[in-house]
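*Asks:* Quick one, what's the 3D model for this:
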Amino acid sequence: MANRNKLLVPGVEDQLRKMKNEIAAEFGIENYDSLDKGELSARTNGKIGGEMVRRLIEIGKKALIESGMNKAEVIPIKPEIRKVNNFQKRMNA
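*Replies:* Predicted structure coming up:
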């Protein structure tokens, strides 16, 4: 299936690929780029993608703060999203 995600920042593909490979290596998966992703479990691929999202959000928050926005202005996670995440954690425990 073709990837239909559009990148909002042109030319960022290489940096995202590098970040994905670094995160995969941290999880003990070498040469992630050359692997058949179908050979990996959905949980493994999800962990890598989830960690990418967490790091990109953190980078975005830092950029907002450094640009003059104070911490109180950074939009927090909505409470209903926290409830879903807490429910998921209990289900996985």
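
*Asks:* contacts, neighbours, all on C-alpha from now
*Replies:* Noted.

*Asks:* Helix or strand: which one has Val53?
*Replies:* Assessed by DSSP states H and E, Val53 sits inside helix 42-66.

*Asks:* So which bits of that helix are buried?
*Replies:* Neighbour-count burial for helix 42-66, counted by 16 or more other C-alpha atoms under 10 Å, picks out Ile48, Met52, Lys61.

*Asks:* Now distance to Tyr32 and pLDDT too, for those residues, in a markdown table please.
*Replies:* Formatted as a markdown table, the buried residues of helix 42-66 follow (distance: C-alpha to C-alpha, whole Å; pLDDT from 0 to 100):
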| residue | distance to Tyr32 | pLDDT |
| --- | --- | --- |
| Ile48 | 10 | 94 |
| Met52 | 14 | 94 |
| Lys61 | 27 | 85 |
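
*Asks:* Out of these, which comes closest to Leu16?
*Replies:* Of all these, Met52 has the smallest distance to Leu16: 8.5 Å, by C-alpha to C-alpha.

*Asks:* Is that closest one in contact with Asn21, as I believe?
*Replies:* No. Contact criterion C-alpha atoms under 8 Å: Met52 and Asn21 do not qualify, at 10.1 Å.

*Asks:* and Val9, helix, strand or coil?
*Replies:* coil (DSSP: H, G, I helix; E, B strand; the rest coil).
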